[in-house]
Every structure is written in C-alpha cells, then in structure tokens.
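Enquirer: sequence and predicted structure are below.
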Amino acid sequence: MRRLRIVISADWFPPAYRAGGPIRSAFNLCALLAKHHDVWVVTGAHDLGEAEALDVKRDAWNEMKVGDASLQVRYCSKGTLDRRTWGRILDEIKPQVLHLNSMFSKEHALIPLRLTRKRAGMRVVLAPRGMLGSAALSIKPLKKRVFLSVARMLDLFKGVTWHASTSNESKEVQMHFHPAQVRIAQNLPTSLPPTNPARPSDRWRIVVIGRIHRVKNLDFGLRALLRANASRPVELDFIGPVEDELYQRELQAMADAQQAVKVRFLGGMPPSELPTHFEAAHFLLSSTTQENFGHSIVESWAHGCPVLISDRTPWRQLQEKGIGWDWPLEEDIWQSGLSEAMALDAESWGSMSERARDFFKTQVRNDAVEKANLELFQP
C-alpha cells in the first residue's frame, strides 16, 4: 500500500465530544489511517454549542498519539478558516487526498472543496454523515432544498468520491446526485473490550446515549418504557448534553409523574467515560427517527449490552440474531416489546449479551470493514 498524505476536515474532533457519532466516526477513521499514512486533521477549536474554546493549542499543529501511530491536528479559532488559511494549509501539506466530513459546512466542506478545483492530482472523498437522510433534510428543509438544487446546477460535487456508511446512504447519494461515484465503507467503532462484566440481577438498568434534543424522539421511548411491564425495578439513565432545556424539563416531568422507573439525567461525557455505563447496563434504548450508523448501538454490542431500538437504523432483524429488538415507531408495539425484553431471565439475557459481543466482532469491526475504509483513499 502506497503511503499517502491525507488531510481530514471535520467540524469537531477530540477532545470535543458533544456532537456524538460524527466525532467518533472521524477519530476512529483517523486512528486507522495513521497506521498506514501521514494524516493531518483540520477542525474547529470549540465543542458543539460551547462558547469556551477547547483546552488545546489553537491555530497551530498539535501532535496526537493514537496507539503506536500519531497524527497532526489543527484546531482553528472561529472565523479564521477562510480561503486564505485553507490555501496555506493545502500548499503546506500538498495532500493526495482530502476527506470532508460534512456537506453543508462552509468552513469544513465548501471552501476546501472549491480550492481543490485548482489543484491537480488531489482527490476529494466526501462523507455526508447522514445529512442526506429524510429526517436530517426535514430540519431547515427549504434552505437545504435550495442548496441541493444549486449544487446540482453548478455541479458542485463533480469528481468527488462519496463515502457512504451503508448501502442505504449510497442510495440517498445517488437519489440527489446521480450519477455519483460512491464507495461504501461502514463507519469504524472502537475495538472490542477484553471483558464482559456481570450485571446486577435485582434490577434492569437501561441507558439512552445522545443529545437531549427534540429531534432525537426521546419522549417516545420514555413513554413506552413507563407503560411497559418489568420483572424487576427499572433504572434509566439519559447520557448526553442538554441542547434543549425545555425538552429536558418535559422529559423530567414525565419521569417525576410516576414511581415505577427511576430516571436520571447524567449530562454529556467524553467517550472514554461511556464504557463504565455500557458495562453496567442491560439494554441500550434508542427511539430515533433516523440513524445513519449508530455508534452507541454498536458500542453497546461491543460491551455485551443488547439494544432496544427503532427500525430507522441500518441495524435490522435484531431479534432473529438474538442481539436485541428493532421496532416500528408505534407505542403499543414498543410497550409489548419492552415488556418482553424485561421479562427475560438471567440466563437468557446472558446468552443475548454474549451474542451481541460476537456480532460486533464478526459483523461490525472486522478486517473487511477496515479494508473497505482504507481502500476509500486509493485511486
């Protein structure tokens, strides 16, 4: 494999964590690439929704160790990542490949994309990261429809290699930009943890991972859980930054109006703190209306935690695989399904937990997935 010079552009990068999955997707890809190539990351100096900058050296290169390899990260102050700065970065590094982790970001997609038009021999790989999904396009729909129309008219993405995470995302790209050159490479989660600790048998512990925002449809899952029957007391932890305080208060009011389920809001936390919560939980709950990949889902499996999710993710037929359930967003179905899950005996749940880890090892993070991600960067 020829060693390449690769620039990755992403709105957020560790130590930022509040944007969730997109940060983990970018970081895990960079960690893999750094084993084989020279990698530079251009990102913002603020976490999502935060006024205070990250505790990093700004507007200069920072060396970041990732296992036995390393990469260079530039955290750019607000307002500094213009055409001139991007031009200097590209002139300095002279990358063979530029990987963009956004479609709509001016600083991290549109400006560098336009600059590559004048640089022969530089390939552009663009990961839409779920932005072409129907649920994502329903947020500020007019603005996005106008953008997509103008992009097609101007052939803005001509020559781009699209990085689709799933076959469904590949279809979404082709629907909006046919004909498009699309390669499918599943997102990379973290590696399989070495152990699968025992869980408490006197109660059910359930986690919800993600931003506290109305678009996440958290109230649906909470309502269904409050109506379900359980063979043991139930504890539910919401883990994620609060982006909609009114919505968080509505969820809290639902929790306070009943006694059957103990509900806690633990706030946002970096990925390094999540394993402790996965390893203590019996299930992950996600009533999402759209999920392009679902890092929290696959990382739950890695930690032996089956999932209770909607049928709006790439992960389907979970009951047949014995690693969880995926249901349509109908409350009666969720209520009966949750009641079934929380009627499992300890032996049945333990078998499901081990199958979840095996599924992660064989189907989620394996040699074929890594190979597909590396091949994205080859001509």
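Expert: Arrived safely, thanks for sending.
Enquirer: which ones are touching Ala228?
Expert: Contacts for Ala228 were tallied using C-beta atoms under 8 Å, 6 or more residues apart in numbering; they are 334-336, 338-339, 342. C-betas here are computed from N, CA, C, even on glycine.
Enquirer: state the distance from Met153 to Phe147.
Expert: According to C-beta to C-beta, to the nearest Å, Met153 stands 11 Å off from Phe147.
Enquirer: from what I can see Ala31 touches Lys65, true?
Expert: No: between Ala31 and Lys65 there is no contact under C-beta atoms under 8 Å: 10.1 Å.
Enquirer: those two: which has the busier surroundings?
Expert: Taking other C-beta atoms under 10 Å, Ala31 and Lys65 do not tie; Ala31 has more neighbours (18 against 9).
Enquirer: avg pLDDT for the helix or strand hosting that one?
Expert: Following DSSP states H and E, one finds Ala31 within helix 21-33. In this model, helix 21-33 has a mean pLDDT of 94.
Enquirer: okay, Gly133: pLDDT?
Expert: On the pLDDT scale, Gly133 gets 89.
Enquirer: what are the ranges of the strands in the stretch 101-250 of the chain?
Expert: Using DSSP state E, counting those that start in this stretch, the strands of the stretch 101-250 of the chain run over residues 123-126, 161-164, 181-184, 204-209, 234-239.
Enquirer: dump these into CSV; add mean neighbour count as well.
Expert: Converted to CSV, the strands of the stretch 101-250 of the chain look like this (neighbours: other C-beta atoms under 10 Å):
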stretch, mean neighbour count
strand 123-126, 20
strand 161-164, 23
strand 181-184, 16
strand 204-209, 24
strand 234-239, 20
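Enquirer: what angle sits between the helix or strand in which Glu347 is found and strand 204-209?
Expert: Glu347 belongs to helix 346-359 when elements are defined using DSSP H and E. Comparing the axes of helix 346-359 and strand 204-209 via axes from the mean of the first three to the mean of the last three C-alpha atoms, to 10 degrees yields an angle of 30 degrees.
Enquirer: return the residues in contact with the residue nearest to Trp61 when sequence neighbours are not counted.
Expert: Spatial nearest neighbour of Trp61, chain neighbours left out: Gln72 (4.5 Å); criterion: C-beta to C-beta, 6 or more residues apart in numbering. Going by C-beta under 8 Å, 6+ apart, Gln72 touches 39-41, 61-64.
Enquirer: secondary structure element for Gln72?
Expert: Gln72 is part of strand 69-76, with elements assigned from DSSP H and E.
Enquirer: nice, that's everything, thank you.
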